[in-house]
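Student: what follows is a predicted structure for the sequence shown.
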Amino acid sequence: MEMNNQPIIQVKNLCVDIKTDEGTLTPVRGVDFEIRPGETLGLVGESGCGKSLTSKAILAINQKKCVSSGEILFRDDKEDTVDILTLDPRGKQIRDIRGRQISMIFQEPMVAFSPMYTIGNQINECTRLHITKDKKESKRITLEMMKKVGIANAEKRYDQYPHEFSGGMLQRALIAMALVCKPRLLIADEPTTALDVTIQAQILELMKELQKELGMAILFITHDLGTVAKMCDRVAVMYLGKIVETGTAREIYKNPQHPYTRGLMGSVHKIGTLKADRLFSIEGTVPLALNLGPGCGFYDRCLDRIEGVCDKADPALTCLGGEHCVACHKCRKEGV
Amino acid sequence: MEASATKAEPRRNPFSSPMARFIYKRVLTFIPIMLIMSLLIFIIIQLPPGDYLTTYIAGLKAEGQVVEEAEIAMLKEQFGLDQPWYVQYFKWIWNIITDFNFGYSFDFGRPVWPVIAEVLPMTIAVSLITMLFGYLVGIPLGIYSAVRQYSLGDYVLTFIGFLGMAMPNFLFAILLMYGTYIWTGTAFIGLYTEEILLAVNSGAMQWYHVLVHPDFWARMTIPILVMGTDGLCGTLRSMRAQMLDELGCQYVLAARAKGVSEARIIYKYCLRAALNPTVSGLSGMLSKIFNGSTISAIVLNLQIMGPRLYDALKAQDMYLAGTILLVMGFLIVLGTLLSDIVLAWLDPRIRFEGRSAD
């Protein structure tokens, strides 16, 4: 039991560098987090903050020009710990982890399937790679998973092509493809952004049910705070390649500390507010992660910045008690 | 009992499958297309002033011979050139349809078909070999170039690709002939060595004997390189571009994320999608097999269809030229149909013509 509460994955000081002609971009600048079995961690942040690069680094499927450093310690099904970053990204060992132990659901289901092959063929490929080479048995397993994710008439759907599916059905198929090998960790990269709202709710409900049934951990990546509240046990807020605040979902929602987190919370529409109240928005955009100064990445956009402090040193993540940690000079000064 | 059984069975229509219906429709459109095309070809061939006889007589006069008016009139009547063009056209078409008779070659003094048939085997052999060379080398090199983008190999192939596309074939042919003559002391001109040519002319050798002769293959090297490089470089560039597009697709990432190996991603997913433009290019292939690379063939002195069409057009040998053009047109239409069928087989979205099953 004690063993089981050890994290399934520990990401330590993960950096991703991209070499360009103008210099080295560092979209991910030292990310740390861990996920325990059966737990859902929400990784939140606006576009371009490095969420997707972080998630793809875990599977080592970033493009060749992206160089990851740090440690990604994964506890596999034999309870051995491997550092994914030390594996050859084309090698057999990582390919055995991908799809079977860690799998991923993508943002746009419409392009995550090849238009050339049937849905059944593409889900079954995963089954045949990792579970059984037996054709009949693997088809049975695939069909079972397709039914489990709520694809009606699975036998007929098995032989259909992606263009014959609706968006919601394709996302279900994508989930089936990710879960057919019953992975220990599921990375869901904005799995509902491309879907309409009623379908979103169904898909989230489905993911929660399957998580309960299979006992897997989920890394849930999103910019939608509503789904985070619904799905996640813990939340990590990411800004400019760093985690600026982390804690239980409750802590983050009830008591956000970092000015960026507070800004995010303020920009969510609440039912019951007056029409005249405009939604809060954070001024400016995320700067390019190129030749960054020594100060806090949020300095230029921060409403609570302390001149002479915040532009001199980048604040480290400091714990405030419990799970709640924040990287901000102001919070530390005030000694919250 | 039996009657009710047949009732329950839905009637089988041979055209019930979308693929069969598609082919059936396309074959039906063949007939009007061919008729319109033949008419256009005939009109265009008639467009230049004069006809074969005027060219012929002018030639005779230039040599200082005296040609009687009566003789000219007799020849005109004999060749049917005194009739209006539409009568000539309908006679030509009628003879083709009823008799497979494509008319008479004035220049060769023989019916058209044998004139074409005698160069046909060698034409097809030369074209097929060069084309196979282009595809078999171009497709793998294009894949390599895309998978190893920005590597040294990619840069070298890109350089060769652009060079091959930019350089006129005949120039390349001349350079190669010059080079081989300097280095080996023999002129590699034409497909046959003297020995083979004698044997062919005396009837001792048929074209299929020639094909297995080592000297023939030595002679083929330059034509293969010259005519093959053109197709090769085009295929290489388009394969590279397509493969890069496909490799950047999200489904590649999804396949990688489920543990599929790189080789399988390339061959199962990307290659199949990337072949589309190359397969579309096949539509012109049949016609090119019949008559391609005229200028290179003239420079290299190859006895194949291209130069024959060129001479026929120059001499206003209208039935010979018309027939070659007509066969080319037919092969383009047929090639388009074949390439569409292959495309539909490759890509399910084309197969369903954009309709979803439900």
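Tutor: Here it is on my side, so go on. Just so we're clear, the structure is a prediction, and the values are computed from it rather than from any experiment.
Student: per the record, what domains does chain B have?
Tutor: B:26-118+B:304-350, B:120-303 (automatic domain parsing).
Student: would you turn those into CSV with distance to residue A:320 and mean pLDDT?
Tutor: The way it works is simple: take the backbone N, C-alpha and C, and place the C-beta from them, glycine included. Below are the domains of chain B laid out as CSV (distance: least, Cβ to Cβ, whole Å; pLDDT from 0 to 100):
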stretch, distance to residue A:320, mean pLDDT
domain B:26-118+B:304-350, 55, 85
domain B:120-303, 36, 87
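Student: out of these, which is closest to residue A:127?
Tutor: domain B:120-303 (9.8 Å; Cβ to Cβ).
Student: ends of that closest one, how far apart?
Tutor: From its first residue to its last, domain B:120-303 covers 10 Å (Cα to Cα, to the nearest Å).
Student: stretch B:140-160 now?
Tutor: Span of stretch B:140-160 from end to end, Cα to Cα: 15 Å.
Student: do stretch A:51-66 as well
Tutor: End-to-end for stretch A:51-66, by Cα to Cα: 14 Å.
Student: what about the residue in the stretch 201-336 of chain A positioned nearest to chain B, helix or strand, and which?
Tutor: Residue nearest to chain B within the stretch 201-336 of chain A: residue A:219 (13.0 Å; Cβ to the nearest Cβ). Residue A:219 belongs to strand A:217-222 when assigned by DSSP states H and E.
Student: what do you get for residue A:82?
Tutor: Secondary structure from DSSP H and E places residue A:82 in strand A:81-83.
Student: name the residues that touch the helix or strand just after that strand?
Tutor: Downstream of strand A:81-83, the next assigned helix or strand under DSSP H and E is helix A:92-97. With contacts defined as Cβ atoms under 8 Å, 6 or more residues apart in numbering or on different chains, helix A:92-97 is touched by A:59, A:60, A:74, A:76, A:82, A:84, A:87, A:88, A:130, B:259, B:260, B:261.
Student: report the separation between the one residue sitting closest to the centre of chain B and residue B:311.
Tutor: Among the residues of chain B, the one closest to the centroid is residue B:288, at 1.4 Å (Cα atoms, centre = their mean). Distance of residue B:288 to residue B:311, given as Cβ to Cβ, to the nearest Å: 19 Å.
Student: show me what from chain B comes close to chain A.
Tutor: Within chain B, the positions adjacent to chain A are B:249-251, B:253-262, B:268-269, B:272-273, B:346-349, B:352, B:356-358 by Cβ under 8 Å from any Cβ of the partner chain.
Student: buried ones only from the residues you listed, please, as a PyMOL command.
Tutor: Buried members of the residues of chain B next to chain A, defined by 16 or more other Cβ atoms under 10 Å in any protein chain shown, are picked up in PyMOL with:
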select buried, chain B and resi 249+250+251+253+254+255+256+257+258+259+260+261+268+269+272+273+346+347+348+349
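Student: just the pLDDT at the closest residue to residue A:60 other than its chain neighbours, thanks.
Tutor: Of all residues not flanking residue A:60 in the chain, residue A:89 sits nearest, at 4.3 Å (Cβ to Cβ, 6 or more residues apart in numbering or on different chains). We have a pLDDT of 89 for residue A:89.
Student: what does residue A:89 show for phi and psi?
Tutor: Main-chain dihedrals, residue A:89, degrees, to the nearest 10: phi -60, psi -10.
Student: how far away is it from residue B:265?
Tutor: Counting by Cβ to Cβ, the separation of residue A:89 from residue B:265 is 13 Å.
Student: higher neighbour count, those two?
Tutor: For residue A:89 versus residue B:265, neighbours defined as other Cβ atoms under 10 Å in any protein chain shown are more numerous around residue B:265 (21 against 17).
Student: distance of that one from residue B:345?
Tutor: Using Cβ to Cβ, residue B:265 is found at 21 Å from residue B:345.
Student: quick revisit: right, is the strand holding residue A:82 up against chain B?
Tutor: No. Applying Cβ under 8 Å from any Cβ, one finds strand A:81-83 separated from chain B by no less than 14.9 Å.
Student: what strands flank that strand, and is each parallel or antiparallel?
Tutor: Sheet pairing of strand A:81-83 (DSSP bridges) gives strand A:66-75 (antiparallel).
Student: in the partner strand, what counts as buried?
Tutor: Within strand A:66-75, the residues scored as buried using 16+ other Cβ under 10 Å are A:66, A:68, A:70, A:72, A:73, A:74, A:75.
Student: ok, of those, which one's closest to chain B?
Tutor: When the buried residues of strand A:66-75 are ranked by distance to chain B (Cβ to the nearest Cβ), residue A:66 comes first, at 12.6 Å.
Student: residue contacts, that closest one?
Tutor: With Cβ under 8 Å, 6+ apart, residue A:66 has these contacts: A:16, A:17, A:18, A:53, A:57.
Student: again, only this time at 7 Å
Tutor: A:16, A:18, A:53 (Cβ atoms under 7 Å, 6 or more residues apart in numbering or on different chains).
Student: need the longest helix for chain A.
Tutor: Longest helix of chain A, by residue count under DSSP state H: helix A:197-214.
Student: got the buried residues for it?
Tutor: For helix A:197-214, burial by neighbour count (16+ other Cβ under 10 Å) applies to A:199, A:200, A:202, A:203, A:204, A:206, A:207, A:210, A:211.
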